[in-house]
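Asker: Could you look at this predicted model? Sequence included:
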Amino acid sequence: MQILALGLPRSGTDSLRSALLRLGYRHVWHGFDLPATRSDDSPIWASLLAAKSRGDDRPGQIFDWDILLGDCDCVMDMPPGIFAAELLDFYPHATVIVNRRRDMDAWHRSLNEASEMVLGSWTLWGLSWWDARLFWWYRSAVAWMGIMGDGDFQRNGRRWADGHYKRLEGKLKAEGRKYLDWEVH
């Protein structure tokens, strides 16, 4: 693992992914990978996210992250972003990028609209009951959105995101770990 981009989705992750691929990184893990090419990983993510949503950080702290991410040069987006602290501990030599949007209201609106469109789709929900891979992906996506909003993203997502960045920067500074603070425009 060479780069951990631990900002939240809808904060330039796809552009950042494209730039890193252009710079020669072979495999940049992005949230798109989970349903598209790594759907077999979804049950593992769902289990880790379920523990996290219960307030149990132990599974993520003792998990061998190379099982999910060991073939990657870089990682970003969700669900890995939920495990920022755990990934920082597991990959202590990785370069860190804190990608963000300064306009958190615009960020919140954007992610809320995207999640409503995808996770609010009755068609997708219905199909998830007939396809195991889609079922586990859908379950993991619902879990990380629930974590990001303490159960209600529309109401609490912005506050949770502010806390995510404060916790992330606090950990990085406390450990004396350098990072790139990158804002998408």
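Answerer: Okay, I see it. Numbering: from 1, shown residues only.
Asker: The residue most central in space within the chain in helix, strand or coil?
Answerer: When the chain is reduced to its mean C-alpha position, the nearest residue by Cα atoms, centre = their mean turns out to be M78, at 2.0 Å. Under the three-state scheme (DSSP: H, G, I helix; E, B strand; the rest coil), the conformation of M78 reads as coil.
Asker: list the contacts for it?
Answerer: With contacts taken as Cβ atoms under 8 Å, 6 or more residues apart in numbering, M78 has the following neighbours: 8-9, 31, 141, 144. The way it works is simple: take the backbone N, C-alpha and C, and place the C-beta from them, glycine included.
Asker: Likewise for W65?
Answerer: 83, 86-87, 90-91.
Asker: what's next to stretch 110-117, contact-wise?
Answerer: Contacts made with stretch 110-117 from outside it, assessed by Cβ under 8 Å, 6+ apart, are listed as 8-10, 141, 145, 153-154, 157.
Asker: Please pick the buried ones from these.
Answerer: Burial by neighbour count, judged by 16 or more other Cβ atoms under 10 Å, picks out 8-10, 141, 145, 153, 157 from those.
Asker: Of these, which belong to helices?
Answerer: When DSSP state H is applied, these are split such that 141, 145, 153, 157 fall in helices.
Asker: shaky segments in the protein?
Answerer: Nowhere does the chain drop to pLDDT under 70.
Asker: V98 is in contact with E169, correct?
Answerer: Yes: with contacts defined as Cβ atoms under 8 Å, E169 counts as touching V98 at a distance of 6.8 Å.
Asker: about what we covered before: what about burial for the contacts of W65, which qualify?
Answerer: If you count burial by 16+ other Cβ under 10 Å, the buried members of the contacts of W65 come out as 83, 86-87, 90-91.
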